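Chemist: Next one to model:
(4 chains)
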Protein chains: 4
Amino acid sequence: MGTEPHISQTKVRVRYAETDQMGVVYHANYFIWFEVGRVELMRQAGLDYRDMEREEGCLVVVVEATARYKSPARYDNELTIHTHIRSVRGSIIRFAYQITYCETLLCEGETTHIVVGRDMKRKPLPEKYAKRFADLAHPME
Amino acid sequence: MGTEPHISQTKVRVRYAETDQMGVVYHANYFIWFEVGRVELMRQAGLDYRDMEREEGCLVVVVEATARYKSPARYDNELTIHTHIRSVRGSIIRFAYQITYCETLLCEGETTHIVVGRDMKRKPLPEKYAKRFADLAHPME
Amino acid sequence: MGTEPHISQTKVRVRYAETDQMGVVYHANYFIWFEVGRVELMRQAGLDYRDMEREEGCLVVVVEATARYKSPARYDNELTIHTHIRSVRGSIIRFAYQITYCETLLCEGETTHIVVGRDMKRKPLPEKYAKRFADLAHPME
Amino acid sequence: MGTEPHISQTKVRVRYAETDQMGVVYHANYFIWFEVGRVELMRQAGLDYRDMEREEGCLVVVVEATARYKSPARYDNELTIHTHIRSVRGSIIRFAYQITYCETLLCEGETTHIVVGRDMKRKPLPEKYAKRFADLAHPME
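Modeler: Sure thing, here's the model as predicted:
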């Protein structure tokens, strides 16, 4: 039915600073990579989060974040971040992520965001972005 | 019936490095504070995570982590991390957290962990720790 | 002649997130601790960096930072950050640091800062702060 | 005389997590990027730091690090890290870095490293690496 979301892919290489004394990546770093995935998804869709902040005064704040860890990432691994938009409703946007190394799934997660103004009060997503996000969530509809 | 878990409290002050250009704390940092809370809960219970790693060869790895953000933390705020053990079953331990500033709840979350050896294979929690963790989860039983 | 600077001391405990796969603290973290030391030095002197930013519109930006590493810090070590002001001249402030564990010196360093406004242009340090900083650099003069 | 060092170039994009409430990159992050530059310089020279740790038991630890900040990096900027080896003498290696955005120099710095074994005691750089590093420092000699 053509309602598969657009999945963006982007790569990051594990930095030494991101490892911990267990010899694997410290778990909080995956949330930073999720954000790299979000920004790249937007960029690939012709949207620029920086402009959204600067020109529209729209901040997209995280209200919930979850990660499930399947297998550890290690130093110097080149990882792929797969990101898609799960839903857009009013000022609420939900993203989902998978992080893989070679063909192995290392981590999957979701984040939920709301759009606020510089006063930290909720505001609607500007029309231009709302439409584009909806297209990404359901490209063919 | 006296089954309230023991809740540990510890304080952290927000560092400049932990803020982002929104002027609030970057969301991934709360997972680092959750870990500070876990370690302090153990310390207050007479357990030392460092020894557990070094002497018992037990690594407590994160398999799932969730945070829900209610209100932003800001630079130099002195925050309180409230941590308790939600359950201990075999090699699976679940912690829950609340982070507050003054009387305001900023963030709450949970993490699930499994105990593994240096080979990253699952192993049972050593008796001494299992008993102590169970006591913390249900202090009066 | 009583020109020894005031040295502030503050403590931090090494977090798991701050270690790397060598089993010691990743070197960039010391610069974050230097900042913790600066803020506490100011607080002990009755000054609040947060107010300086918010009320005076003064940002104290780093223009140079150096650290020399003598011995590694390890997970859960409780470290002491010793901070003093080396000099204050116009809008230029120089701090120096030592980080110790028990009686062992782990790291020492210096940072140089200039005061700028929100437009990132240099501006003089407000009188109240200039005087207090000078007192800290040379308490008895 | 052909003694210009080989300069490697690699790119990083500024992450939201790397900004602070001044709206620019937090200064400690440049040291992490210096490390990205070192690793890429080695990779471009056919050396793999991961192997050096794993197969040779050689850890390259930082003994001194300096950065001078000229102009701030901002969110989403794509930066270029220029890295070269300044000198190799026994177990001491010195790297130098410049970080640029478009044609603007944002930061320059140096790091000094020594080679140690897993026991944290100094050991000579293995022959294969010593020769290759010397070639990078003085490619034509």
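Chemist: Ramachandran coordinates for the residue nearest the centre of chain A?
Modeler: Per Cα atoms, centre = their mean, the C-alpha nearest to the average position across chain A is that of A:Arg38, at 2.9 Å. Main-chain torsions, A:Arg38, degrees, to the nearest 10: phi -60, psi -50.
Chemist: just checking, it touches A:Thr83?
Modeler: Yes: counting by Cβ atoms under 8 Å, A:Arg38 does reach A:Thr83; the two are 6.1 Å apart. Backbone N, C-alpha and C define where each C-beta goes, glycine included.
Chemist: so what sits against both of those two?
Modeler: Common contact partners of A:Arg38 and A:Thr83 (Cβ atoms under 8 Å, 6 or more residues apart in numbering or on different chains): A:Phe95.
Chemist: Within range of chain D, give me the residues from chain A.
Modeler: Contacts of chain A with chain D, taken as Cβ under 8 Å from any Cβ of the partner chain, map to A:13, A:15-17, A:32, A:35-36, A:39, A:48-50, A:75-76.
Chemist: Pull the most distant pair out of those.
Modeler: Using Cβ to Cβ, the residues of chain A next to chain D reach their maximum pairwise distance at A:Asp48 and A:Tyr75, which is 31.5 Å.
Chemist: Who has more neighbours out of these two?
Modeler: A:Tyr75 (21 against 14; other Cβ atoms under 10 Å in any protein chain shown).
Chemist: ok so, going back, which residues touch the residue nearest to the centre of chain A?
Modeler: By Cβ under 8 Å, 6+ apart, the residues touching A:Arg38 are A:Tyr49, A:Thr83, A:Phe95, A:Thr111.
Chemist: for the spatially closest residue to the second one that is not a sequence neighbour, helix, strand, or coil?
Modeler: Read that as A:Thr83. Spatial nearest neighbour of A:Thr83, excluding adjacent residues (Cβ to Cβ, 6 or more residues apart in numbering or on different chains): A:Gly37 at 3.5 Å. Following DSSP: H, G, I helix; E, B strand; the rest coil, A:Gly37 is assigned to helix.
Chemist: What's the local residue count around A:Leu136?
Modeler: 22.
Chemist: Now do the same contact list for the residue of chain A most remote from its centre.
Modeler: Most distant residue from the mean C-alpha position of chain A: A:Gln21, 27.0 Å away (Cα atoms, centre = their mean). Each residue near A:Gln21 by Cβ under 8 Å, 6+ apart is listed here: C:Tyr16, C:Thr19, C:Asp20, C:Gln21, C:Met22, C:Gly23, C:Val24, C:Tyr75.
Chemist: Now, of those residues, which are buried?
Modeler: For the contacts of A:Gln21, a burial check counting by 16 or more other Cβ atoms under 10 Å in any protein chain shown picks out C:Tyr16, C:Thr19, C:Asp20, C:Gln21, C:Met22, C:Gly23, C:Val24, C:Tyr75.
Chemist: My guess is the first one contacts B:Trp33. True?
Modeler: What that stands for is C:Tyr16. No: contact criterion Cβ under 8 Å: C:Tyr16 and B:Trp33 do not qualify, at 11.6 Å.
Chemist: Show me what from chain A comes close to chain B.
Modeler: Checking chain A against chain B by Cβ under 8 Å from any Cβ, the hits are A:22, A:27-29, A:31-32, A:59, A:61-69, A:72, A:120.
Chemist: which of the residues you listed count as buried?
Modeler: A:22, A:27-29, A:31-32, A:59, A:61-62, A:64-69, A:72.
Chemist: of all these, which comes closest to chain D?
Modeler: For those, the minimum distance to chain D (Cβ to the nearest Cβ) is 4.6 Å, reached by A:Ile32.
Chemist: which SSE is the closest one in?
Modeler: Element membership of A:Ile32 [criterion: DSSP states H and E] is helix A:29-44.
Chemist: Name the next helix or strand downstream of that helix, please.
Modeler: helix A:49-56.
Chemist: what's the closest of the residues of chain A next to chain D to D:Arg43?
Modeler: Nearest member of the residues of chain A next to chain D to D:Arg43, counting by Cβ to Cβ, is A:Asp76, at 8.7 Å.
Chemist: Hmm, that closest one is touching D:Met52, no?
Modeler: No: using Cβ under 8 Å, A:Asp76 is not in contact with D:Met52; the gap is 11.0 Å.
Chemist: returning to what we had before: by neighbour count, which bits of the helix holding A:Ile32 are buried? Give me those.
Modeler: A:29-43.
Chemist: quick revisit: looking at the residues of chain A next to chain D, which is nearest chain B?
Modeler: Taking the residues of chain A next to chain D together and measuring to chain B by Cβ to the nearest Cβ, the closest member is A:Ile32, at 5.4 Å.
Chemist: hang on, the earlier thing: in TSV, list the contacts of A:Gln21 along with pLDDT and secondary structure.
Modeler: TSV is the format used below for those (pLDDT from 0 to 100; DSSP: H, G, I helix; E, B strand; the rest coil):
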residue	pLDDT	secondary structure
C:Tyr16	97	helix
C:Thr19	97	strand
C:Asp20	97	coil
C:Gln21	95	coil
C:Met22	94	coil
C:Gly23	93	coil
C:Val24	96	coil
C:Tyr75	96	coil
